[in-house]
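**Q** Here is my input, please return the structure:
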Amino acid sequence: MGCGRVGCAITTVTNTTNDEMSGNLGVPAFPALASPQRAGGGKSRNKVALKPGRSLMDWIRLSKSKDLSGTGGRLQNVTPEELAKHDKEGDVWTAIRGKVYNVTAYAEYHPGGADELMRAAGKDGTDLFNEVHRWVNYESMLESCLVGRLRTTLQAATNAGTPKRKPPKVQTGFLKPPLPSTLKLPQAPLPSTSSVENTGRKPSTSSEGKLGNSSERPVTMIQDNTGGIPVTIAAPETAQDECDTVDNPWPINPKPSKAPFPDAASVQEKDSISHESVTVSPPEAAPNEEDAMDISVNAVPTVTREALRYDWFQSDKHVTIVVYTKRKGLTRENVILDKIGREFQLCLILGEQQYSVHVELEGEVTDKINVSFGASGSKLDVKLTKVDAGRKWAGLGSPLDMDGRLVSAGDCVRKYRACLVESRTEVTHDTVLFCVRLPPGSRMWVPAGHHVYVCGEVSGFGQVERPYTPVPSSLSPAQVGPGEEQGVVLYLMIKVYTQGALTPVLGALQPGDRLDVSDYDTTLALPPLVNFTSIAFLVAGTGFTPVPGLVTWLLSRDDRKVDITVFFFNKQERDVLWGEQLEELEQRHAERLKVILVLSDPGGEWTGRTGRIRQEVVENDLPAPGPVTMAMVCGPIQFNQAAVKVLQEMGYQDSMYYVF
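**A** Residues are numbered from 1 along each chain as shown. Here you go, the predicted structure:
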C-alpha cells in the first residue's frame with residue numbers, strides 16, 4: 001500500500017504491546033507534569049512520588065505476568081457485605097461500575113498514592129473514580145485484579161400509585177433500548193455459575209410443575225376455527241394504555257373469566273366465543289402456509305414484571321413463544337438464545353436489565369430457530385420446530401430457575417458456550433482471524449463495538465479469560481456469510497503475543513478445536529452514534545477491532561449521513577490489519593470515509609504519514625469539536641492516554657470523546 005491515505009492518504013496501525021507502543025509510537029508522558037489530570041468537571045488529583053520500579057510500565061509488566069485477583073482467576077459474585085470486609089491495607093478490594101477488583105498489589109503503583117486509593121477500599125468507588133479519571137481504561141489496567149461482579153440488592157416491583165407512561169422510542173442498531181423510568185427490579189435469586197455446552201444433558205426440573213399448571217400460571221387451551229390464523233386471548237374491560245392495547249393483549253393482572261372457557265370440542269362446534277369471557281384478536285401477521293391448520297393457543301401470563309410477560313401457541317409443526325415488552329425498537333441484537341436438549345433459555349437484553357424465558361420444554365424441538373419482531377419492535381416471536389410433528393403439547397413445559405425473571409445485567413453470571421473453531425485465516429504476521437461456530441441450539445448477534453470473553457486453560461495460571469471484540473467476516477457486505485446473519489458464527493481477530501499468557505494457546509487453535517466464548521458484555525454503554533454528523537476513530541494495533549463493525553454499520557444507514565475519519569496507528573506497514581480492505585472501503589465511500597494510516601517506524605518505501613499520536617499528526621483531518629462530533633479511542637493504555645490529551649488540547653470536552 002505505500003501511501004499514507006487509502007487511495008493516496010491512508011494510515012496504518014499494527015497490534016503492539018504496551019512497551020512497543022510507548023517506545024515505537026513515542027507516546028509522551030500523560031498528563032503533563034505541570035498540568036492536573038482531570039475528567040468530567042475538571043477535578044484534579046495530587047500525584048505522589050512512587051518508589052523506584054513502580055511506574056505504569058512496571059505495573060503493566062507485573063499485571064500481565066500473573067493473576068493478582070487472589071481468587072485463582074475464577075470470577076465470583078461479590079455482595080456489598082463481602083466487599084466491605086476488604087478495606088484494610090494489605091487487603092483492598094473496590095468496585096468500579098459493577099465490577100470488583102482486588103487492588104492490593106496496585107496500591108504501590110497508584111499515581112495518587114496508596115492513601116488516595118484507600119478512600120475506595122471496601123466499597124463502590126465508581127463516583128471517586130469518575131471524579132478524577134473517568135477516561136482511564138480501568139478494565140484493561142486492572143484486568144488481572146478482577147474478582148467478579150458486584151451483587152446489588154434487588155427490590156420488589158410495585159405499581160401502586162405509579163402513573164403509566166409511554167416507553168421512549170429507542171435507537172435501533174447496536175444500541176440497547178432503555179427501560180421506562182418507572183421500572184423497578186423484582187427480588188430474584190441468581191443461579192450459580194453455569195456453562196452452556198452442547199452436551200445434550202437433561203436440565204433439572206422445577207418443583208413448580210408444568211408451566212401453566214400452577215396457580216400463578218393458569219393455562220387455557222382453545223381451538224378456533226379461524227382458518228389457521230393464530231390468535232391471542234385478552235381479558236375484556238381492562239384499562240390499558242395505547243401500547244398495551246397494541247402489543248400486550250394480556251392485562252397486567254389478568255382476572256379469571258366469569259364462566260369457564262369452553263373445551264376444544266365445544267369450540268369446534270361454534271363459530272364464536274362469548275365476548276363476556278374472552279376476546280379473540282388476530283396478531284400482526286398470519287403464519288405461513290404450513291401453519292395454516294388448527295391452532296392451539298396456550299396463554300401463559302408469567303409473574304408480572306411491569307408488563308413484561310410471554311405467551312405461547314402451537315401448530316402441528318411449530319411452537320412459538322411470544323414476548324411482550326412494551327419497548328419499541330428491539331432488534332435481534334437484544335436476543336441471546338440457548339437450547340440444549342429440552343432446556344430452552346431466551347435472554348432478552350433491555351438496557352441495563354435482562355429478562356429470561358427459561359423452561360424445560362414439553363417435547364423435543366430441532367435446532368432450527370426463527371426470531372422475528374412485530375412492526376414496532378416491541379413484540380418478539382421465537383419459532384421452534386417440533387421433532388414429533390402433529391403431537392399437541394399440553395403445556396409449554398416446566399419453569400426453570402430464571403424463568404420470568406427481570407434482573408440487573410450487572411448481576412448476571414457470565415455464561416460460556418463450548419464453540420467450535422471452524423476456520424483460521426492469517427491476517428498479518430502475528431494476527432489471526434478465527435471463525436467460531438456457536439453450539440447448534442445457540443443464537444447470538446453481538447452489537448457492533450461490543451466484546452465477548454474467551455476462556456482457556458493456561459499451564460500455571462488455570463482458567464484465563466480475555467475480552468475480544470468480534471469483527472465482521474469482511475468489510476465488503478457482499479462477502480458477509482449467512483452464518484453471521486443467522487447468529488451462529490462469530491469472527492475474532494486475535495494478535496498472538498509470544499510472551500503472553502492466553503494468546504499463545506489461542507494462536508495454536510486449529511479448525512475443529514474447542515473454544516469457550518461468553519455472552520457479549522451487555523454493560524457496555526456506547527454513545528448514540530446516530531446523533532452525530534462527524535465521527536473520528538483514533539485506534540492503534542488490535543484496538544482497530546471495534547472499527548469494522550461500527551464503520552460498516554454507520555455506512556449502511558441511509559437515514560442519516562455521517563462523515564467518518566479513521567486514524568490507524570501502527571509500527572510498520574506489515575502490521576496493518578485489513579489494509580487492502582480498508583482501501584477498497586474508502587474508495588466505495590469516498591464522499592463519507594477517510595482512512596489515514598500512520599506509521600511510527602515506516603522504513604524507506606513508505607510515502608504516507610509518519611509519526612506518533614500528537615496534535616500535529618491529526619489536527620488537519622480531525623473534525624472540529626462540537627455537539628455533533630464524537631471521537632472514539634481504542635488502543636493500549638498509553639496510546640489512549642495520549643489520544644485523550646490531544647483531544648483535550650484541541651478543545652474536545654468529555655462528552656465529545658469515548659475511550660474503549
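**Q** elements contacting the helix or strand hosting residue 357?
**A** Residue 357 belongs to strand 353-361 when assigned by DSSP states H and E. Counting contacts by 3 or more C-beta pairs under 8 Å, 6 or more residues apart in numbering; DSSP states H and E, strand 353-361 packs against strand 318-324, strand 343-350, strand 397-399, strand 406-408. Heads up, the C-betas are built off the backbone N, CA and C, glycines and all.
**Q** who wins for proximity to residue 428 among the ones you listed?
**A** In terms of C-beta to C-beta, the element of these nearest to residue 428 is strand 343-350, at 33.5 Å.
**Q** sorry, back to before: the strand holding residue 357 relative to strand 318-324, how many degrees between them?
**A** For strand 353-361 against strand 318-324, the angle by axes from the mean of the first three to the mean of the last three C-alpha atoms, to 10 degrees is 150 degrees.
**Q** could you give the angle of strand 353-361 to strand 343-350?
**A** 160 degrees.
**Q** and strand 353-361, which strands flank it?
**A** Strands adjacent to strand 353-361 in the sheet, as given by DSSP bridges, are strand 343-350 (antiparallel), strand 397-399 (antiparallel), strand 406-408 (antiparallel).
**Q** quick one: average pLDDT of the first one?
**A** pLDDT averaged over strand 343-350 equals 94, rounded to a whole number.
**Q** Pull the residues that contact it.
**A** Here strand 343-350 makes contact (C-beta atoms under 8 Å, 6 or more residues apart in numbering) with 176-177, 179, 202-203, 321, 323, 325, 327, 330, 333-339, 354-361, 365, 380, 382, 384, 397, 400, 402, 406, 409, 519, 522.
**Q** Which helix or which strand is home to the nearest residue to residue 532 once chain neighbours are set aside?
**A** Counting by C-beta to C-beta, 6 or more residues apart in numbering, residue 532 lies nearest to residue 630, which is 4.5 Å off, once chain neighbours are set aside. Per DSSP H and E, residue 630 falls inside strand 629-634.
**Q** CA atoms only: put the longest helix along the chain into PDB for me.
**A** Longest helix of the chain, by residue count under DSSP state H: helix 637-649. The C-alpha trace of helix 637-649 is given here as PDB (Å, rounded to 0.1, in the frame of the first residue of the first chain):
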ATOM      1  CA  ILE A 637      -3.300   2.200  27.700                       C
ATOM      2  CA  GLN A 638      -0.600   4.700  27.000                       C
ATOM      3  CA  PHE A 639      -1.900   5.300  23.500                       C
ATOM      4  CA  ASN A 640      -5.400   6.000  24.900                       C
ATOM      5  CA  GLN A 641      -3.900   8.500  27.500                       C
ATOM      6  CA  ALA A 642      -2.000  10.300  24.800                       C
ATOM      7  CA  ALA A 643      -5.000  10.400  22.500                       C
ATOM      8  CA  VAL A 644      -7.200  11.900  25.200                       C
ATOM      9  CA  LYS A 645      -4.600  14.600  25.900                       C
ATOM     10  CA  VAL A 646      -4.500  15.500  22.200                       C
ATOM     11  CA  LEU A 647      -8.300  15.700  22.100                       C
ATOM     12  CA  GLN A 648      -8.500  17.900  25.200                       C
ATOM     13  CA  GLU A 649      -5.800  20.200  23.800                       C
END
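**Q** Buried ones in that helix, by neighbour count?
**A** For helix 637-649, the neighbour count (16 or more other C-beta atoms under 10 Å) marks 637, 638, 639, 640, 641, 642, 643, 644, 645, 646, 647, 648 as buried.
**Q** Show me what secondary structure element comes after that helix.
**A** In N-to-C order, the element after helix 637-649 by DSSP H and E is strand 657-659.
**Q** Now tell me what touches that next one from outside.
**A** Defining contact as C-beta under 8 Å, 6+ apart, one finds that strand 657-659 is touched by 135-137, 526-527, 630-634, 640, 643-644, 647.
**Q** again, only using 7 Å
**A** If you take C-beta atoms under 7 Å, 6 or more residues apart in numbering as the criterion, strand 657-659 is touched by 135, 137, 526, 527, 630, 631, 632, 633, 640, 644, 647.
**Q** tell me the mean pLDDT for it?
**A** 94.
**Q** Pairing partners for it, with directions?
**A** Applying DSSP bridges to the sheet, strand 657-659 is found paired with strand 629-634 (parallel).
**Q** just to revisit the earlier point, tell me the buried residues within the contacts of strand 343-350.
**A** Buried, going by 16+ other C-beta under 10 Å: 176-177, 179, 203, 321, 323, 325, 327, 330, 333-339, 354-361, 365, 380, 382, 384, 397, 400, 402, 406, 409, 519, 522, out of the contacts of strand 343-350.
**Q** what about stretch 487-500, start to end distance?
**A** 30 Å (C-alpha to C-alpha, to the nearest Å).
**Q** Name the residues of it that are buried.
**A** Neighbour counts using 16+ other C-beta under 10 Å place 487, 488, 489, 490, 491, 492, 493, 494, 495, 496, 497, 500 of stretch 487-500 among the buried residues.
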